[in-house]
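Peer 1: everything below, folded, please.
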Amino acid sequence: MQQIKGAVLKSRLAFVQDHAGKDGLERVLAAVPEGDRRTLRMLFTSNWYAFELGKRLDDAIVRVLGGGRPEFFERLGAASAEKNLGGVHSSYLTRGDAHEFLTKSPSFYSLYYDTGRREYARLGPKAGVFTTYDAETFSAPDCLTVVGWYKKALEMCGVRGVRIVEEECRAKGGAVCRYKVSWE
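Peer 2: I've put the predicted structure just below:
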């Protein structure tokens with residue numbers, strides 16, 4: 001069973017509290033099963049947790065705060081990048097060099113997920129593609145957090161006009177999750 005780091009779940013909860021207050025956080029937590037609620041209240045950033053816990057949390061966030069719109073998760077991904085790359089993982093940022101940053105995609109992936117892998121390929125001077133392979137579990141909201149995370153991360157590197165399009169998604173029947181990225 002695929003697992004994700006507690007840091008991922010903590011960043012989602014922090015985003016909820018930052019954008020919806022303590023009351024919004026409590027409403028989201030009330031929308032998950034009691035066992036999940038107990039676990040989410042006692043998370044450790046370095047521990048591994050079941051991906052399904054994250055999926056249930058994502059579903060609750062979309063229902064309670066996102067008005068059913070999964071695009072809400074791009075904002076959540078951006079907040080996660082800002083929190084993690086603005087602190088403990090700031091050494092991954094490469095000022096002004098998007099390709100150098102994106103070549104670290106395999107390392108980013110392994111920080112947050114315990115199975116599968118992510119690869120990056122350069123497509124041109126200001127374009128590339130990163131692809132996630134062999135993840136045991138997946139969800140459309142999680143893919144949207146990836147889009148938001150990479151957009152924000154590249155902006156934190158000083159890159160402007162970032163565009164990311166998910167060209168293929170396992171949650172939508174694809175064989176992999178593939179994201180085309182370009183910038184100005």
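Peer 1: gap between the closest residue to residue 81 other than its chain neighbours and residue 114?
Peer 2: Leaving out its chain neighbours, the residue that sits closest to residue 81 by Cβ to Cβ, 6 or more residues apart in numbering is residue 152, at 4.0 Å. Backbone N, C-alpha and C define where each C-beta goes, glycine included. According to Cβ to Cβ, to the nearest Å, residue 152 and residue 114 sit 23 Å apart.
Peer 1: those two: which is more packed in?
Peer 2: Neighbours were counted for residue 152 and for residue 114 using other Cβ atoms under 10 Å; residue 152 has more, 22 against 15.
Peer 1: quick one, strands of this structure?
Peer 2: Remark: strands assigned in the chain by DSSP state E are 3-5, 48-50, 117-124, 127-133, 163-168, 177-182.
Peer 1: what's the angle from the last one to strand 117-124?
Peer 2: Pointing back at strand 177-182 there. With axes from the mean of the first three to the mean of the last three Cα atoms, to 10 degrees defining the directions, strand 177-182 sits at 30 degrees from strand 117-124.
Peer 1: alpha carbons only: can I get strand 177-182 in CSV?
Peer 2: Taking Å, rounded to 0.1, in the frame of the first residue of the first chain, the C-alpha atoms of strand 177-182 are listed here in CSV:
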residue,chain,number,x,y,z
CYS,A,177,0.7,11.0,-14.8
ARG,A,178,2.5,13.3,-17.3
TYR,A,179,2.8,17.0,-16.9
LYS,A,180,4.1,19.4,-19.6
VAL,A,181,5.7,22.5,-18.2
SER,A,182,6.8,25.7,-20.0
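Peer 1: report all helices and strands that it contacts.
Peer 2: Here strand 177-182 touches strand 127-133, helix 140-156, strand 163-168, going by 3 or more Cβ pairs under 8 Å, 6 or more residues apart in numbering; DSSP states H and E.
Peer 1: tell me which of the ones you listed approaches residue 54 most closely.
Peer 2: Nearest to residue 54, of all these, is helix 140-156, at 7.1 Å by Cβ to Cβ.
Peer 1: wouldn't residue 162 be in contact with residue 183 here?
Peer 2: Yes: contact criterion Cβ atoms under 8 Å: residue 162 and residue 183 qualify, at 4.9 Å.
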